[in-house]
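Trainee: I'll drop the sequence and a predicted model, then ask my questions.
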Amino acid sequence: MNGDGDAGATAGPGSGAGPVGRGARADTAGRVGGVGGSDTADSAGMPWAAVSARRLARHRLDAPAVVGGEPVTRRIADVVSGTCGVHAQVMSAAEVSVAMRVAGAVSTDVRDALWRDRTLVRTHGPRGTVHLLSARDLPAWVGAMGGLDIARGPGAGEPYLDADQVEALVDAAPRALAHADLTADELTQALADAVGAWAAEPVVDAFRTRLPRWRWVQPVLGHRGALCFGPKRGREITFTSPVRLLPGFVPMDSEPALRRLALRYLHGYGPATPAEFARWLGAPRDRSEELFRSLGDSVEQVTVVGSGPAVQIAGDPTHHEEPRGVRLLPYFDVFGVGCHPRSLLFAGAAAERALSRGQAGNYPLLLVNGQVAGVWHQALRGRRLRVTVEPLVELAAAELREVGAQARRLADIRAVEEVALVVGRVPVGPHA
């Protein structure tokens, strides 16, 4: 298995590689999700520093991925696959998340991967939120997430749609998008023409307006492979069909897709518990425990010092080097959102300052040696970028220099000519 989180590593969704579960072990007493323990694990447990070092490497936060002789857009897709997607509700933040992990990459490279070379897809991923996913992983994502939504039954459309209406939309959306990208208004009209006026009824409360009824299950339609996002038309979003965007697209069967997704998650975020996986994915906890049991000998139980029992891929090597480096992570970066336990990642003052009611992602994070050590904010004025960094710990001179280098890297990613770094209190709240 590659230690750098490339898409070609063992068990990546859609990669066609890696082990899948060979049946749950019978002896499950005292074990996480019914997973057996490691025969080689240190009896004292895995130190948190080793957990951090492994995750930093898998997320390309120890050192950016080198492009080499391959197209940068393909390397970008490798890195996005290694992190199980990148949160992309705010595209500018997604572009920074990706480019920070690929040496020399800039925002336009991420856009080229998405719209020109189509090595990325923008659609609904974990928890129904908008993500960038590697295009070659999409069959596994749709198989996994679509299977979970189908298993929810009538609950997938409640309270605005019944099960028959949801299935009617799943059937109609690909046909409506078969020949052209459509704006939200255009797709609303097409769906109403196909299934009935009820699809367009403005009943869904959203930001001082009411959206058409079908928009309630937009994430479900994404999970089922019925639609994904297309390029903007002026200021308007568009939707497209994965089948038209990616010729030959066919979703995987649900169970093998879920197993591959669980293994990929453990590769990038492990050791982890079924409950942490469920929280990350937006899946029922009992379903996650059942899934972890199905992984059988592909995984093993370890003990994380300061946290407790967790699960990792069987034989996954321990990183003995100390986690090192300073990184500026933007809003909703997947490292802060997906890594657990938060009591260790957001230790001390970070739990109060860098989380919002216990939720990660609302603040850009200063990461120092694998730990959340502050927050930051950026403000663009013309061609000048002002970066304010608020450390929660005392930074050494070398670390302050790294903060400055990260600010300059941020300016390069955004194609800004000048950057000013201020170390002090960030005066704005979350989402500012």
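Mentor: Structure received. Residues are numbered from 1 along each chain as shown.

Trainee: so Val416: helix, strand or coil?
Mentor: Recorded secondary structure, Val416: coil (DSSP: H, G, I helix; E, B strand; the rest coil).

Trainee: how close does it get to Ala379?
Mentor: Val416 is 11 Å from Ala379, where distance means CB to CB, to the nearest Å. All C-beta atoms are positioned from the backbone trio N, CA, C, and that covers glycine.

Trainee: what sits in contact with each of those two?
Mentor: Leu385 (CB atoms under 8 Å, 6 or more residues apart in numbering).

Trainee: higher neighbour count, these two?
Mentor: Shown here are Val416 and Ala379; by other CB atoms under 10 Å, Val416 has more neighbours (17 against 13).

Trainee: list the contacts for the more buried one?
Mentor: The neighbours of Val416, taking CB under 8 Å, 6+ apart as the test, are 380, 383-385.

Trainee: lowest-confidence entry in those residues?
Mentor: Ranked by pLDDT, the contacts of Val416 bottom out at Arg383 (88).

Trainee: pretty sure it contacts Glu418?
Mentor: Yes. Applying CB atoms under 8 Å as the test, Arg383 and Glu418 come out as touching, 6.2 Å apart.

Trainee: what ranges do the strands span in the stretch 151-300 of the chain?
Mentor: For the stretch 151-300 of the chain, applying DSSP state E, counting those that start in this stretch gives strands covering 182-183, 202-206, 209-212, 228-233, 236-240, 299-304.

Trainee: could I get those strands as CSV with mean neighbour count, distance to Pro174 and mean pLDDT?
Mentor: Output for the strands of the stretch 151-300 of the chain, formatted as CSV (neighbours: other CB atoms under 10 Å; distance: least, CB to CB, whole Å; pLDDT from 0 to 100):
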stretch, mean neighbour count, distance to Pro174, mean pLDDT
strand 182-183, 20, 12, 98
strand 202-206, 13, 22, 94
strand 209-212, 16, 18, 96
strand 228-233, 17, 11, 97
strand 236-240, 17, 10, 97
strand 299-304, 22, 35, 97
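
Trainee: in TSV: the ones you listed, plus distance to Gly338.
Mentor: Putting the strands of the stretch 151-300 of the chain into TSV (distance: least, CB to CB, whole Å) gives the following:
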stretch	distance to Gly338
strand 182-183	32
strand 202-206	26
strand 209-212	28
strand 228-233	21
strand 236-240	25
strand 299-304	16
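
Trainee: Met91: which of those strands is closest?
Mentor: Nearest of the strands of the stretch 151-300 of the chain to Met91, taken as CB to CB: strand 228-233 at 9.2 Å.

Trainee: which neighbours does that closest one have in its sheet, and in what orientation?
Mentor: strand 236-240 (antiparallel) (DSSP bridges).

Trainee: can you map out the helices along the stretch 201-350 of the chain?
Mentor: 218-223, 242-245, 254-269, 274-281, 285-294, 334-338, 342-345, 350-353 (DSSP state H, counting those that start in this stretch).

Trainee: buried set for the fifth one?
Mentor: Buried positions in helix 285-294, judged by neighbour count with 16 or more other CB atoms under 10 Å: 287-289, 291-294.
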